[in-house]
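A.B. asks: please find the sequence and the predicted model below.
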Amino acid sequence: MLLCLLAPGTRAGAQDSTTSYTSDSLLSSWNYVMPAILTGYSSLGSISHSPEKKDHKNLKRYQYLLDRKPGAKNYRKYYELAVSLWELEKTAEAEKMFLSIIASEGEFYTSTYYHSSDVPGDTATNMYGYGSFSSNYKNYAAKYLVKINLEKKRYDTALMYLDDAVNKYKVTYTCGTGYNMQQNEYTFLYACCYEGLNENKKIIDLLLPGSLLYGDDMLIKAIRNTWTDKEIKERLLIAENSVSCVLDSLPSYTYLVTEATRKKPERTDTITYYSGTATMLLFDQLIEIPVPDLENGEHLSREHFVKKFKESFFYRELNTEAEPAEEATKVSAK
């Protein structure tokens, strides 16, 4: 991920045009800093504004651009001002500028930029490209328009811009961290749109596969809007009884890095255990259960997976007879 953040940028082909290459310092240095949405609206994220000193400076320096259109000489400053206006909660002005970016036919905004994974100054060529990513001004502008429209409760419009960001103004990441951050952001924004549109089934289909990895209030609410407490309890029992495992016959190993192994690399502390996989039928979806942590010499069993399920935030929030998830967390912490 550090490589993603430090990578220099080169443009790798304009949308609907022939391939061309150039550099764009703004996107390479700024644009894979995750927008400030991960603060608590749900376990996946929230929409919030986080102004910094630079945003006030940008407003002061670039406010003359408010009544202008973006061009080849000002497009970076124009975008930077739009972002700062968003952070400063000057939403009307920010929306106007983001819409101008979306409408622009200038190559500087229609192009997709490629950011190499090679570390500056490194003479070795990175043929695999691990850590490289692409970026696009319209992708980021569309995502800000999603958040603006969500705040204004214009959910259909928000969904339209989100579809455009995902499908029309595509950006990609070759490193897993960058890809997962992108997908988490898209998932959160889609869930917000569906919640605003009262699309409970779409929320469940979207969030249920990750329900045992994170506890999400939007998913819990959608399930409660769909089934009665009795039906939910019945389905949780069906899920528990449906747990199916494939257990490994060969051992797995985890190598521990300790102070001793740092000083003497030839020394290796190793945990040996027998792992496996498991699935369950959860609210009519086949869900993979996360693998529990195992101790040295331990053999994974079906009981491990059932315990993992019943200790999850998801299960405890939906099972009215279970200990509340918040209380369980406090007990575990003690």
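C.D. replies: Thanks, I have it.

A.B. asks: neighbours of the nearest residue to residue 184 once chain neighbours are set aside, how many?
C.D. replies: Once flanking residues are discounted, residue 184 sits nearest to residue 44: 6.0 Å by C-beta to C-beta, 6 or more residues apart in numbering. No exception for glycine: its C-beta is placed from N, CA and C like everyone else's. Residues within reach of residue 44, counting by other C-beta atoms under 10 Å, total 22.

A.B. asks: for residue 305, same thing?
C.D. replies: Neighbourhood size, residue 305 [other C-beta under 10 Å]: 24.

A.B. asks: quick one, phi/psi of residue 270?
C.D. replies: When read as degrees, to the nearest 10, the backbone of residue 270 gives phi -130, psi 140.

A.B. asks: you'd agree it is up against residue 254?
C.D. replies: Yes: at 7.0 Å, residue 270 and residue 254 qualify as touching, with contact defined as C-beta atoms under 8 Å.

A.B. asks: between those two, which one's more packed in?
C.D. replies: More crowded of residue 270 and residue 254, by other C-beta under 10 Å: residue 254, with 13 against 9.

A.B. asks: hang on, the more buried one in a helix?
C.D. replies: No: assessed with DSSP: H, G, I helix; E, B strand; the rest coil, residue 254 is strand; it does not lie in a helix.

A.B. asks: list the contacts for it?
C.D. replies: Taking C-beta atoms under 8 Å, 6 or more residues apart in numbering, we find residue 254 in contact with 270, 271, 273.

A.B. asks: hang on, isn't residue 88 packed against residue 51?
C.D. replies: Yes: the pair residue 88 / residue 51 is scored as a contact, 5.0 Å apart, by C-beta under 8 Å.

A.B. asks: tell me the SS of the residue nearest to residue 184?
C.D. replies: Three-state call for residue 44 (three-state DSSP): coil.

A.B. asks: from residue 211, how far off is it?
C.D. replies: To residue 211, residue 44 is 11 Å away according to C-beta to C-beta, to the nearest Å.

A.B. asks: and the average pLDDT for stretch 209-223 is what?
C.D. replies: Taken as a whole, stretch 209-223 has a mean pLDDT of 91.

A.B. asks: got the contact list for it?
C.D. replies: Contacts to stretch 209-223, defined as C-beta under 8 Å, 6+ apart, come from residues 42-44, 187, 191-192, 195, 200-201, 203-204, 207-208, 232, 282-283, 285, 287-290, 308-309, 312-314, 317-318, 325.

A.B. asks: which among those residues count as buried?
C.D. replies: Taking 16 or more other C-beta atoms under 10 Å as the criterion, what is buried in these is 42-44, 187, 191-192, 195, 200, 203-204, 207-208, 232, 282-283, 287, 289, 308-309, 312-314, 317-318, 325.

A.B. asks: so of these, which ones are in strands?
C.D. replies: Among these, the members found in strands (DSSP state E) are 282, 287.

A.B. asks: which ones among the buried ones among the contacts of stretch 209-223 map onto helices?
C.D. replies: Among the buried ones among the contacts of stretch 209-223, the members falling in helices (DSSP state H) are 187, 191-192, 195, 200, 203-204, 207, 232, 308-309, 313-314, 317-318, 325.

A.B. asks: show me where pLDDT drops low in the chain?
C.D. replies: For the chain, the stretches flagged by pLDDT under 70 are 1-43, 117-130, 257-268, 322-334.

A.B. asks: how's it carved up into domains?
C.D. replies: Domain assignment for the chain by automatic domain parsing gives 2-197, 217-333.

A.B. asks: winner for burial among these?
C.D. replies: Across the domains of the chain, averaging neighbours per residue (mean count of other C-beta atoms under 10 Å) puts domain 2-197 on top, at a mean of 17.

A.B. asks: that one: how far from the chain's middle?
C.D. replies: Here domain 2-197 is found 14 Å from its chain centre; the criterion is C-alpha atoms, centre = their mean, to the nearest Å.

A.B. asks: use 49 as the first number for this chain going forward.
C.D. replies: Renumbered: residue one is now 49, and that last one reads domain 50-245.

A.B. asks: in the chain, which spans are strands?
C.D. replies: Assigned by DSSP E, the strands in the chain fall at 57-62, 159-163, 181-183, 292-295, 300-304, 317-321, 324-330, 333-336.

A.B. asks: contacts for stretch 112-123?
C.D. replies: Applying C-beta under 8 Å, 6+ apart, the set of residues contacting stretch 112-123 is 125-127, 129, 141, 145, 148-149, 152, 154, 156-157, 185.

A.B. asks: one more time with 6 Å, if that's ok
C.D. replies: Stretch 112-123 has contacts (C-beta atoms under 6 Å, 6 or more residues apart in numbering) with 126, 129, 148, 152, 156.

A.B. asks: and the spatially closest residue to residue 95 that is not a sequence neighbour, how far from residue 337?
C.D. replies: Take residue 95 and drop its neighbours on the chain: the residue closest to it by C-beta to C-beta, 6+ apart is residue 195, 5.0 Å away. Applying C-beta to C-beta, the value for residue 195 to residue 337 is 33 Å.
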